[in-house]
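Trainee: Need coordinates for the following:
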Amino acid sequence: MGAKANAMPMVSKMWCSTSQVVLAVRTRPHVVYGGGFVVSDCSTQKVVFKVDGCGILGKKEEMILRDGNGDALLLIRRKGGIVEALNINKQWKGYAFDYEGSQKLVFTLKEPNSCLLKKNNPIRISTQHGGCGTAWDFEIKGYFPDRACCIVDSIGNIIAQVDMKKEVEALMTSASKDLYHVVVKPGVDQAFVFGIIAVLDYIYDGSTRC
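Mentor: Just a heads-up that it's a prediction; the model follows:
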């Protein structure tokens, strides 16, 4: 099932298209540590988003999602301290910047313990736009390292799907994981989707990680 076209924007309504969008993701080489990735529109080849990994920023467990012009959209960091030490689930939080530069919490992603990071173990996300009576609003189904997963809402609608580009998949090499595409459904906030993908990239030891 597809997501509703009038879905509420998470970061900004400017990132919610009225039609389905296919975006290509290419990881950047590690710059010292953690190079991040670049997201382009498959139809126009225009850069839509950039994710700076912790190596570029100089801070572990922190990333920034930027638009194609380099302006910061989301600050993404993992919660630390005593609370995390007592919790089996590490928590990632994504904060949007408003027009005054203040930070607003957009989503919280619970990262399973490392021993549970395996196939068919769902990763769940809660947002400030929840309120459906569930403890989570979205979850990851599938396995991101295989570039075969999707983000679904709490009633089972697919809002975005990660898949290999067919011509790259045929190569069946480790390098092929450096290029994949993401299909984002109509009305879904693309900035929110790539904030989630940035976290998945990090927790599965991808290009954003130091």
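Trainee: what pLDDT, on average, does stretch 51-61 get?
Mentor: On average, the pLDDT along stretch 51-61 is 87.
Trainee: let me redo that: stretch 125-141
Mentor: 75.
Trainee: same thing with stretch 103-119?
Mentor: Average pLDDT, stretch 103-119: 77.
Trainee: For the remainder of this discussion, apply numbering that starts at 40.
Mentor: Got it, the first residue is 40 from now on, which makes the last one we talked about stretch 142-158.
Trainee: Output the longest helix seen in the chain as PDB - backbone C-alpha positions only.
Mentor: Counting by DSSP state H, the longest helix found in the chain is helix 229-242. The C-alpha trace of helix 229-242 is given here as PDB (Å, rounded to 0.1, in the frame of the first residue of the first chain):
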ATOM      1  CA  GLN A 229      11.900  13.300   1.800                       C
ATOM      2  CA  ALA A 230      14.200  15.100   4.400                       C
ATOM      3  CA  PHE A 231      12.700  12.900   7.200                       C
ATOM      4  CA  VAL A 232      13.200   9.800   5.100                       C
ATOM      5  CA  PHE A 233      16.900  10.600   4.500                       C
ATOM      6  CA  GLY A 234      17.400  11.500   8.100                       C
ATOM      7  CA  ILE A 235      16.300   7.900   9.000                       C
ATOM      8  CA  ILE A 236      18.500   6.500   6.200                       C
ATOM      9  CA  ALA A 237      21.500   8.400   7.600                       C
ATOM     10  CA  VAL A 238      21.000   6.700  11.000                       C
ATOM     11  CA  LEU A 239      20.700   3.300   9.300                       C
ATOM     12  CA  ASP A 240      23.900   3.900   7.400                       C
ATOM     13  CA  TYR A 241      25.700   4.700  10.700                       C
ATOM     14  CA  ILE A 242      24.400   1.900  12.800                       C
END
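Trainee: What average pLDDT does that helix get?
Mentor: If you average the pLDDT over helix 229-242, you get 96.
Trainee: same deal with stretch 192-204?
Mentor: For stretch 192-204, mean pLDDT is 91.
Trainee: Can you list the buried residues in that stretch?
Mentor: Across stretch 192-204, burial judged by 16 or more other Cβ atoms under 10 Å covers 192-193, 196-204. From N, CA and C alone the C-beta is placed, and that goes for glycine too.
Trainee: Just the closest of those to residue 79, please.
Mentor: Of all these, residue 204 has the smallest distance to residue 79: 11.9 Å, by Cβ to Cβ.
Trainee: what about the strands in the chain?
Mentor: 60-66, 76-80, 86-91, 101-106, 111-117, 129-136, 142-150, 162-166, 177-182, 187-192, 197-203, 218-223 (DSSP state E).
Trainee: what pairs with the second one, and is each one parallel or antiparallel?
Mentor: So that's strand 76-80. Strand pairing for strand 76-80, determined by DSSP bridges: strand 60-66 (antiparallel), strand 86-91 (antiparallel).
Trainee: Pick the most deeply packed of those.
Mentor: Compared across those, strand 86-91 shows the largest average neighbour count, a mean of 22 (mean count of other Cβ atoms under 10 Å).
Trainee: got the contact list for that one?
Mentor: By Cβ atoms under 8 Å, 6 or more residues apart in numbering, the residues outside strand 86-91 that reach it are 62, 75-80, 102-107, 109, 112, 229-230, 233, 237, 240, 247.
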